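Student: any chance you could fold what I've pasted below:
(2 chains)
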Number of protein chains: 2
Amino acid sequence: MAKQDRAIRTRQNILEAAAVVFDQKGYDAATITEILARAEVTKGALYFHFTSKEELALAVIDAQVTQAPPMPYMPTKSKMQELVDMGMLFAHRLADDALLRGSVRLTLEHGSTSLNRSGPFNGWSQLHTQVLAEGLERGEVLPHVVPADTAELLVGAYAGINTMSQAINNRADLERRASVLYEHVMPSVVVPSVLARLDMAPGRGARALAEAERLREATVREAAAEAAEAERAGTPVGVA
Amino acid sequence: MAKQDRAIRTRQNILEAAAVVFDQKGYDAATITEILARAEVTKGALYFHFTSKEELALAVIDAQVTQAPPMPYMPTKSKMQELVDMGMLFAHRLADDALLRGSVRLTLEHGSTSLNRSGPFNGWSQLHTQVLAEGLERGEVLPHVVPADTAELLVGAYAGINTMSQAINNRADLERRASVLYEHVMPSVVVPSVLARLDMAPGRGARALAEAERLREATVREAAAEAAEAERAGTPVGVA
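Tutor: Model prediction:
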């Protein structure tokens, strides 16, 4: 492994270990010692990547938005389904993504420190605003909608149903609650013809992933077929 | 002051001092010593009312719902305006109600302890469910609405815009965010004729309080007029 690749993997390893400890203990009670033990790295390696517990926590918080897997949407796909999928996939991922869970806990809890937790709120709001603005341009969104207002409402409301679901039953019903949120809000946001075709039902997260996988496989098959065709024609691949 | 009244005031005094300390420090960092100093009571007095920091925190959490001031609504008033007012008044009160602020922090933060924070979520959900069920009976609510689902959505979403407003600008814009929430959700909940007359704009909290005050004064004036009338007629008050 190249030196740089190893550094990237070590950093990610520390980040994931820190997320687990922050998720279990909260920011105040988490210690660097525990994070070192879980990551199985030396103190020197940790401090090479992160100079303090605060810097580590901020990196975990940021990972929520920066490490969200991109979805290979077709350009013709409804932007509003993309909007709903951001929340439905989040609920689906939260079940077994330790880095995401640690990030969510740090974001939603206001610790005794002055840890700046506005990053994910702003990051998600920007992503939502962009998708809503594109939907507005395409005529999917009702003309009175202000993308930034609707975006911040969705992000804030989602954070709250997440906290409530955590407090009441350890997030067992988060996907159902997210579905209820979209069912209540989307009629005020999208035009009826788009609304009628939105999938906002529980289980949408898994369905969206399956769709993305089918799309990825189809793209790979298509590329392979094109390559075979090019070979038969004697044209070097990538030139035709 | 009767002995019992004094005990009630001491308890409330301790509760409010604890709320301020919990709001400033969070559950884990708050100490009984600080709460004693702020409440200016003896350790004996505190332990007479609350046996532990946990019991004190749970009482602060509960006060959010149990100490919400009742609104003197007229029976003819729209139940859906009442629903909106619960949130708009909450935003208005949060600005200068220390007990409410402490309670909100304890509820929204998941500390390292197993403090049960589901109380306010359930309490507010029950209040919202009841108002929605009455609105459904009166024909104010759209027939497909399931009161408990809409109630839990509103309570969860509200908690989230509260956390987001706290993280981004220390709650300066909570009332505006609450207004955006109702504008997005109420069209999916109430019939158009009721929707058209709902006041969901920022500042509604103060307007609702002013209305309640006018109503209270009118009731007092009416009672005084009735008493004067009864006196003129020679009938003992309360018998006519």
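Student: what's the spacing between residue A:195 and residue A:80?
Tutor: 8 Å (CB to CB, to the nearest Å). For glycine as for every other residue, the C-beta is placed from the backbone atoms N, C-alpha and C.
Student: where do the contact lists of those two overlap?
Tutor: residue A:186 (CB atoms under 8 Å, 6 or more residues apart in numbering or on different chains).
Student: just give the closest residue to residue A:206, not the sequence neighbours.
Tutor: residue A:92 (5.9 Å; CB to CB, 6 or more residues apart in numbering or on different chains).
Student: and that neighbour, helix, strand or coil?
Tutor: helix (DSSP: H, G, I helix; E, B strand; the rest coil).
Student: just the one 4 residues further on next, same as before
Tutor: Three states are possible here, and by three-state DSSP the one that applies to residue A:96 is coil.
Student: likewise the one 5 residues further on?
Tutor: Of the three states, residue A:101 takes helix under three-state DSSP.
Student: just the element for the closest residue to residue A:121 other than its chain neighbours, please.
Tutor: Nearest residue to residue A:121 in three dimensions, chain neighbours excluded: residue B:164, at 5.1 Å (CB to CB, 6+ apart). If you go by DSSP states H and E, residue B:164 is part of helix B:147-169.
Student: wait, what's in contact with residue A:34?
Tutor: So residue A:34 contacts A:21, A:25 (CB under 8 Å, 6+ apart).
Student: switch the cut-off to 6 Å
Tutor: Neighbouring residues of residue A:34 by CB atoms under 6 Å, 6 or more residues apart in numbering or on different chains: residue A:21.
Student: next, count neighbours for the closest residue to chain B within chain A.
Tutor: At 2.2 Å from chain B, residue A:160 is the closest residue in chain A, using CB to the nearest CB. Neighbours of residue A:160 under the rule other CB atoms under 10 Å in any protein chain shown: 28.
Student: was I right to think it contacts residue B:155?
Tutor: No - Residue A:160 is beyond contact range of residue B:155, at 8.1 Å (criterion: CB atoms under 6 Å).
Student: buried ones in stretch A:20-29, by neighbour count?
Tutor: Neighbour-count burial for stretch A:20-29 flags A:20-24, A:26-28 (criterion: 16 or more other CB atoms under 10 Å in any protein chain shown).
Student: in JSON lines: those residues, plus distance to residue B:40 and pLDDT.
Tutor: Below are the buried residues of stretch A:20-29 laid out as JSON lines (distance: CB to CB, whole Å; pLDDT from 0 to 100):
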{"residue": "A:20", "distance to residue B:40": "43", "pLDDT": "94"}
{"residue": "A:21", "distance to residue B:40": "39", "pLDDT": "95"}
{"residue": "A:22", "distance to residue B:40": "37", "pLDDT": "92"}
{"residue": "A:23", "distance to residue B:40": "39", "pLDDT": "90"}
{"residue": "A:24", "distance to residue B:40": "38", "pLDDT": "89"}
{"residue": "A:26", "distance to residue B:40": "31", "pLDDT": "84"}
{"residue": "A:27", "distance to residue B:40": "32", "pLDDT": "87"}
{"residue": "A:28", "distance to residue B:40": "28", "pLDDT": "84"}
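Student: tell me which of the residues you listed fall in strands.
Tutor: Assigned to strands by DSSP state E, none of the buried residues of stretch A:20-29 qualify.
Student: which of the residues you listed come close to chain B?
Tutor: Residues of the buried residues of stretch A:20-29 in contact with chain B (CB under 6 Å from any CB of the partner chain): A:26, A:28.
Student: hmm, which two among the buried residues of stretch A:20-29 are most spread apart?
Tutor: Taking CB to CB, the two most distant members of those are A:20 and A:28; they sit 16.2 Å apart.
Student: look up phi and psi at the spatially most central residue of chain A.
Tutor: Nearest residue to the geometric centre of chain A (CA atoms, centre = their mean): residue A:68, 3.5 Å. Here is the backbone geometry of residue A:68 (degrees, to the nearest 10): phi -70, psi 130.
Student: where does residue A:143 fall, phi/psi-wise?
Tutor: phi -60, psi -20.
Student: excluding its backbone neighbours, what's nearest it?
Tutor: Per CB to CB, 6+ apart, closest to residue A:143 is residue A:136, 7.6 Å.
Student: that neighbour: neighbour count?
Tutor: 18.
Student: flag the shaky bits of chain A, pLDDT-wise.
Tutor: A:1, A:74-76, A:110-114, A:235-240 (pLDDT under 70).
Student: mind giving me the domain ranges of it?
Tutor: Here the domain parsing of chain A from the TED database is A:1-63, A:67-219.
Student: deepest in the core, which of the ones you listed is it.
Tutor: domain A:67-219 (a mean of 18; mean count of other CB atoms under 10 Å in any protein chain shown).
Student: end to end, how far does that one reach?
Tutor: 23 Å (CA to CA, to the nearest Å).
Student: then stretch A:166-175?
Tutor: Stretch A:166-175: ends 12 Å apart by CA to CA.
Student: just the helices from chain A, written as ranges.
Tutor: All helices of chain A, identified by DSSP state H, fall at A:3-29, A:32-39, A:43-49, A:53-66, A:79-94, A:98-108, A:118-138, A:147-169, A:174-185, A:192-195, A:204-232.
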